[in-house]
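Novice: Okay, here's the prediction I keep looking at, along with the sequence it came from:
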Amino acid sequence: MQIKRFYGKTVHAAMEKAKAELGPEAVLLHARTVKSKLGGGSMVEIIVAVDREAPSAVDELKSSELSKAREIAGSRAAIAAYSKAGESEERFELRHIGEELAEIRDLLHILLSDVKREKASHLPETVRGFYDRFVEGELDPGIAYDLAVGLEACFAEGSERTVHEQLVRMLSKLVRVSGGITLEGGPKFVALVGPTGVGKTTTIAKLAAHFKLRLKRRVAFLSIDSYRIGATYQLNTYAEIMKIPFRLAQDPSELREKADELSDHDLILIDTPGRSQRDLKRIKEIESFLLELPQVEVHLLISAVTRDRDVRDIIDAFLPLGVDYLIFTKLDESSCFGALVNAAVRSERPISYFTTGQDAAGDIEVATVERIASLLLRGFKR
């Protein structure tokens, strides 16, 4: 099945475009009015489906790569070319299937969201504004609806519970927080993983400053990020300033060796290379390192400015590394905080820390449900 979006001034106009491209058998699955990105106003977005394989690079590959192989048939080169074409064909087909599944997932999300929005029209006026604000902040519509319904009790006659108190009470049932890193007996290995640019090296420095300078614990740095010279230099600089040992492991076996050298420390913070959530092969390379440290505690870093859809992909890609906790960075750069709750609910992992700025000696806080409630309610009063 091929699923695709089209736009037009009316549903009819959009369907005309769909049938012109996909054929008369195109079926309308969903339609909604959206704001136009060009000069205001609105337009209609439709999602249509056609029950056939999408013409793609796979077909082009068959007609080009395989024909080349036939031209040199009978030789070893022909066999190699044919094999290469088959492998490339398989990669294209897998990518096509992945894209189609993503389209279906997005479609279901839209449909379910619209059902919740329709239900939200029946919410009392006292809490409808909360629902709208939650959804604008990218909170899952289902969660937003349930929270809004729960907040209605705050406006009942005689109620003394504030909106913030009630929201904290409800969020406590949805979101877990860890209380931060605990050090109890023996060396504690903590690895920070996540996408590129999320702030792993800076967050490691913040954690080191807290445990070394404030709590007077023995802290060490261990890096497996030999890909970015800048990151290694930055972490080494932090180590020199705070008088913290620094080690770099080039391969998994060396990691075990370097870890043994630091075993007399209370906390060993491990810096890992940033990886795109779509680069599963390189994420797998990180796993080969972490397997050398069976007791390692893994924290997945996610930027608070990341779109909710991308957060879902990040969670799917990195959870196989054995993620224990979530850390949300760059709260100071975001105005939408629904993804924090969505990620905690979907991943079923507690949140350990928030970072709120660039100060390497501060701007980090242990995550609390009270803080999450305040972020969701930013702009509301009572």
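Specialist: The structure has been received and is ready for your questions. Numbers count the residues shown, from 1 in each chain.

Novice: ok, so what distance separates the residue nearest to the spatial centre of the chain from Ser352?
Specialist: For the chain, the residue nearest the mean C-alpha position is Val311 (2.1 Å; Cα atoms, centre = their mean). According to Cβ to Cβ, to the nearest Å, Val311 and Ser352 sit 16 Å apart. Using the backbone N, CA and C atoms, a C-beta is placed for each residue, glycine as well.

Novice: Could you pull out the helices in the stretch 101-250 of the chain for me?
Specialist: For the stretch 101-250 of the chain, the helices defined by DSSP state H, counting those that start in this stretch occupy 125-136, 141-151, 163-174, 200-208, 229-242.

Novice: With Ile46 as the reference, name the closest of these.
Specialist: helix 141-151 (20.2 Å; Cβ to Cβ).

Novice: would you put the C-alpha positions of the closest one in PDB?
Specialist: Extracted C-alpha coordinates of helix 141-151, given in PDB (Å, rounded to 0.1, in the frame of the first residue of the first chain):
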ATOM      1  CA  PRO A 141      -3.400  14.500  22.900                       C
ATOM      2  CA  GLY A 142      -4.500  11.500  24.900                       C
ATOM      3  CA  ILE A 143      -2.300  12.400  27.900                       C
ATOM      4  CA  ALA A 144      -3.300  16.100  27.500                       C
ATOM      5  CA  TYR A 145      -7.000  15.100  27.600                       C
ATOM      6  CA  ASP A 146      -6.700  13.000  30.700                       C
ATOM      7  CA  LEU A 147      -4.700  15.700  32.600                       C
ATOM      8  CA  ALA A 148      -7.200  18.300  31.600                       C
ATOM      9  CA  VAL A 149     -10.100  16.200  32.900                       C
ATOM     10  CA  GLY A 150      -8.200  15.700  36.100                       C
ATOM     11  CA  LEU A 151      -7.700  19.400  36.600                       C
END
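
Novice: how much space is there between Ile315 and Ser347?
Specialist: Distance from Ile315 to Ser347, by Cβ to Cβ: 5 Å.

Novice: Return every residue with contacts to both of these two.
Specialist: Leu300 (Cβ atoms under 8 Å, 6 or more residues apart in numbering).

Novice: shaky segments in the stretch 101-250 of the chain?
Specialist: Per-residue confidence for the stretch 101-250 of the chain (pLDDT under 70) gives these ranges: 101-121, 226-231.

Novice: counting contacts, what elements does the helix or strand hosting the residue nearest to the centre of the chain pack onto?
Specialist: According to DSSP states H and E, Val311 maps onto helix 308-318. Counting contacts by 3 or more Cβ pairs under 8 Å, 6 or more residues apart in numbering; DSSP states H and E, helix 308-318 is packed against helix 280-290, strand 297-303, helix 338-347.

Novice: Mind doing that once more with 6 Å?
Specialist: Secondary-structure packing of helix 308-318 (3 or more Cβ pairs under 6 Å, 6 or more residues apart in numbering; DSSP states H and E): strand 297-303, helix 338-347.

Novice: Between those, which shows the greatest average number of neighbours?
Specialist: Across the helices and strands packed on helix 308-318, averaging neighbours per residue (mean count of other Cβ atoms under 10 Å) puts strand 297-303 on top, at a mean of 24.

Novice: now that strand, how far from the centre of its chain.
Specialist: 10 Å (Cα atoms, centre = their mean, to the nearest Å).

Novice: Residues contacting it, please?
Specialist: Outside strand 297-303, the residues that touch it by Cβ atoms under 6 Å, 6 or more residues apart in numbering are 190-194, 198, 200, 311, 314, 318, 321-330, 352.
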